[in-house]
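Asks: Pasted the sequence and its predicted model underneath.
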Amino acid sequence: MNKDIGFLGLGKMGLPMARHLAASGHSVSGFDLVEDRNLAAQAAGLRIAESAPRLATECATIVSSLPNDAALEETASMIATSARAGSVYIDTSTVSIEASAR
């Protein structure tokens, strides 16, 4: 497995974090459901994955930065079924304590 870092959610928090990691020399990919955010990330030098499941299979570390409980729960479920064994999943989403615990 490669050492790429993948970001799911390239909004107000995700894109700046991804840009900082890329500027520090890390290989960073991203994906967002909002195409304008993907374009902004690409303009900042990030690679854009074709889908969230594809990003999860390609990256050793997956970071999500999502806007609500439903988005986190859907994404976490997808990561659980798509990520390779040994992957690390970090969530930085703005969600309830209950959703984060689940």
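Replies: Alright, I've got the coordinates.

Asks: Helices of this protein, start to end?
Replies: 14-23, 35-43, 52-58, 69-82, 97-101 (DSSP state H).

Asks: Go through the longest one and flag the buried ones.
Replies: Going back to what we said before, that points to helix 69-82. Under the neighbour-count criterion of 16 or more other CB atoms under 10 Å, helix 69-82 has 69, 71-72, 75-76, 78-79, 82 buried. To be clear about C-beta, it is placed using only N, CA and C from the backbone, and glycine gets the same treatment.

Asks: and if you look at the second one?
Replies: Under the neighbour-count criterion of 16+ other CB under 10 Å, helix 35-43 has 37-38, 40-41 buried.

Asks: Mind picking the one among those residues that's closest to Ser96?
Replies: Arg37 (23.3 Å; CB to CB).

Asks: before we move on, back to that, which of the helices of the chain comes out lowest on mean pLDDT?
Replies: Mean pLDDT across those is lowest at helix 97-101; the value there is a mean of 90.

Asks: That helix packs against which elements?
Replies: Contact partners of helix 97-101 among helices and strands, from 3 or more CB pairs under 8 Å, 6 or more residues apart in numbering; DSSP states H and E: helix 69-82.
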